[in-house]
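Peer 1: following is a predicted model, sequence given first.
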Amino acid sequence: MSEEVLVDETTLGVAPSRVRRVSWGAIFAGVFFATVLQIMFTLLGAAVGFGPLKPAEQSNPSQAMAIGAGIWLLITGLVSIWMGACVAGRLSGGPRRADGMLHGLLTWSVSTVVAIGLLATGLGSVIGGTAALINSALAVANGGTAPESQPLASLTDQVKSLLPQAGALLPPTGRTGSPVPGRLTELTQQDSELASAVGKMETHGGASKSCADRDQVVNLLTTKHNLSKQEAENLVDQWEQQFQQAKVNASQQLNETGHAVAHGVALSSFWGFLALFLGLLVSAWGGWAGTASLPRPT
């Protein structure tokens, strides 16, 4: 019994590189080429950008530098990925221009993953250290103090710097913060027992939320500070009104800060998506251009 052998005549006389649809060697070559180009462009941008920089004569040099660096990195990144995709498409040896476009897209994908991986590991630390050094130099040039010479702020200090009104919510019981102004607060600075009672009342939401804490504060004012019951109650009521107002202001400030953070994250995500989308288009174009330079089979 004889076997029938089928031969695909379309592949006869065609070089192996014309049959292979994916050339990872070409893709990695494009990635390396694009990466080296981006490093060169980054060094050139640093040389051009930092050369004429005069922090002492500019009001906000860090903001202008950040905007210029972002634009430069976007443009040079697109140029680098186009060149890398063009190299990948040219070396792929694909029979059709669509193959070159796919090689360009794969080059862009691998380059993006590699860049994210580098930024998330060692290179991110190097960039962070460089940024800290630059920030220190700008601070010194502006007559300030270098960040390295200052102790690291605690999380509470950072929150209070963003939310100044939040300091009013902290009771005068030894914790850092701006207490609610008034005579009651002045008395708590002289009497630790009264400060503890007021802090407990504030922790429970104020005098209107905890009658037991209110009565304790009133009793301390009448017994230890020689105030009448009416005067003590008026003092607590005044403190309560200021406390609730400070609480409302802090809540509003927190909402505004949260909205600003959400808006910043949304805006950053949009620009990141736009940059990646432009990179996708440019890489497809570069792969197509690289394959288009190959001689067409007759």
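Peer 2: Cool, the structure landed. Numbers count the residues shown, from 1 in each chain.

Peer 1: top helix in this structure by residue count?
Peer 2: Using DSSP state H, we find that the single longest helix of the chain is helix 229-292.

Peer 1: please name every helix or strand in contact with that helix.
Peer 2: Packing contacts for helix 229-292, counted by 3 or more C-beta pairs under 8 Å, 6 or more residues apart in numbering; DSSP states H and E, involve helix 61-92, helix 97-120, helix 183-188, helix 211-224. Just so you know, the C-beta spots here come from the backbone N, C-alpha and C atoms, and that holds for glycine as well.

Peer 1: break this protein down into its structural domains.
Peer 2: Here the domain assignment for the chain is 9-150, 155-262, based on automatic domain parsing.

Peer 1: wouldn't residue 114 be in contact with residue 31 here?
Peer 2: Yes: the pair residue 114 and residue 31 passes the contact test of C-beta atoms under 8 Å, sitting 6.5 Å apart.

Peer 1: the more surrounded of these two?
Peer 2: Under the neighbour definition other C-beta atoms under 10 Å, residue 114 and residue 31 were set side by side, and residue 31 has more, 25 against 14.

Peer 1: so who does that one touch?
Peer 2: Taking C-beta atoms under 8 Å, 6 or more residues apart in numbering, we find residue 31 in contact with 84, 88, 107, 110-111, 114.

Peer 1: flag the least confident of those.
Peer 2: Among the contacts of residue 31, residue 114 carries the lowest pLDDT, at 87.

Peer 1: which residues touch that residue?
Peer 2: Residues in contact with residue 114 (C-beta under 8 Å, 6+ apart) are 31, 35.

Peer 1: separation between it and residue 78?
Peer 2: Distance, residue 114 to residue 78, by C-beta to C-beta, to the nearest Å: 17 Å.

Peer 1: check residue 47 too.
Peer 2: In terms of C-beta to C-beta, residue 47 sits 20 Å off from residue 78.

Peer 1: neighbour count: these two, which is higher?
Peer 2: More crowded of residue 47 and residue 78, by other C-beta under 10 Å: residue 78, with 17 against 9.

Peer 1: so for residue 84, what's the nearest residue that isn't a sequence neighbour?
Peer 2: Leaving aside its sequence neighbours, residue 84 sits nearest to residue 34 (C-beta to C-beta, 6 or more residues apart in numbering; 2.8 Å).

Peer 1: that older thread, can I get the helices and strands packed on helix 229-292 in CSV including distance to residue 260?
Peer 2: Listed next are these as CSV, based on distance: least, C-beta to C-beta, whole Å:
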stretch, distance to residue 260
helix 61-92, 16
helix 97-120, 25
helix 183-188, 31
helix 211-224, 35
